[in-house]
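A.B. asks: When you get a sec, could you give me coordinates for this:
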Amino acid sequence: MSIPVAILISGGGSNMVRLVESMTGDHPGRACLVLSNDPAAGGLQKAREMGIATAAVDHRAFKGDREGFEKALISEIDRAGAQVICLAGFMRILTPLFIGHYAGRMLNIHPSLLPKYRGLDTHARALAAGDSEAGCTVHEVTAELDDGPILGQAVVPIRPGDTPEALAARVQVREHELYPLVLRRFLSGERERIFLN
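C.D. replies: Residues are numbered from 1 along each chain as shown. Down below sits the predicted model:
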């Protein structure tokens, strides 16, 4: 019996596509829903084309009522029967209400080598700091922003003359490798941290 997985997105959904593509054959999970806070998110159409149910809860309609917004998200996720949640470029900060509802069942991918550079502008911050490497992290979601048990990381060397955009493009390639790998392990009950160099 496959484990139903909901994937939350805000944009084009490139990580979502890789996750859905990975959940075939003997994979322990299957995507049951792609959900966005933006009804115009490009990833929703991609999900529909892949035969995945979609839904949107427009955060702008809630005008600062984060609890109401999150309760609407929870309603869609629970209606779809999801047991595990993957945040894949979901650009809303979630409150303890939502995180507590799915405690121990929610993953996120972040474009830095956590604990470095929580939050936004990770690539520009790594370049400004003179770092020699960047990368991405998949972690369990907890109430603290971008701070939960790290399940996997992939390293990307920083090259001379790199721009934030060039670095972001190379990091995203590694995200597409790392997230499906960690999800499969997570659904199989494996929590040991893995590194991709």
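
A.B. asks: can you tell me which residues contact residue 14?
C.D. replies: 43, 89, 172, 176 (C-beta atoms under 8 Å, 6 or more residues apart in numbering). Just so you know, the C-beta spots here come from the backbone N, C-alpha and C atoms, and that holds for glycine as well.

A.B. asks: Repeat that for residue 116.
C.D. replies: By C-beta under 8 Å, 6+ apart, residue 116 lies in contact with 126, 131.

A.B. asks: check which helix or strand covers it.
C.D. replies: Using DSSP states H and E, residue 116 maps to neither a helix nor a strand.

A.B. asks: same deal with residue 15?
C.D. replies: Element membership for residue 15, per DSSP H and E: helix 14-22.

A.B. asks: How about residue 108?
C.D. replies: Assigned by DSSP H and E, residue 108 belongs to strand 106-110.

A.B. asks: Enumerate residues external to whichever helix or strand comes after that strand that contact any of its residues.
C.D. replies: For strand 106-110, the following helix or strand on the C-terminal side (DSSP H and E) is helix 122-128. Residues outside helix 122-128 that contact it (C-beta under 8 Å, 6+ apart): 110-112, 116-117, 134, 158, 162-165, 167-168, 171.

A.B. asks: do stretch 53-67 as well
C.D. replies: So stretch 53-67 is contacted by 32-39, 41, 44, 47-48, 68-69, 72-73, 76, 80, 92, 95, 97 (C-beta under 8 Å, 6+ apart).

A.B. asks: Distance from it to the middle of the chain?
C.D. replies: 18 Å (C-alpha atoms, centre = their mean, to the nearest Å).

A.B. asks: can you pick the most crowded of the contacts of helix 122-128?
C.D. replies: Highest neighbour count within those: residue 134, with 28 neighbours (other C-beta atoms under 10 Å).

A.B. asks: The residue lying closest to residue 92 once chain neighbours are set aside: neighbour count?
C.D. replies: Spatial nearest neighbour of residue 92, excluding adjacent residues (C-beta to C-beta, 6 or more residues apart in numbering): residue 37 at 5.3 Å. The tally of other residues near residue 37 (other C-beta under 10 Å) stands at 20.

A.B. asks: Could you pull up the residues touching residue 37?
C.D. replies: So residue 37 contacts 8, 10, 56-59, 69, 73, 90-92 (C-beta under 8 Å, 6+ apart).

A.B. asks: for residue 44, same thing?
C.D. replies: Shown in contact with residue 44 (C-beta under 8 Å, 6+ apart): 9, 13, 34, 36, 54, 56.

A.B. asks: ok, and for the host helix or strand of it, which residues are buried?
C.D. replies: With secondary structure defined by DSSP H and E, residue 44 is part of helix 42-49. The neighbour-count check on helix 42-49 (16 or more other C-beta atoms under 10 Å) flags 43-44, 46-47 as buried.
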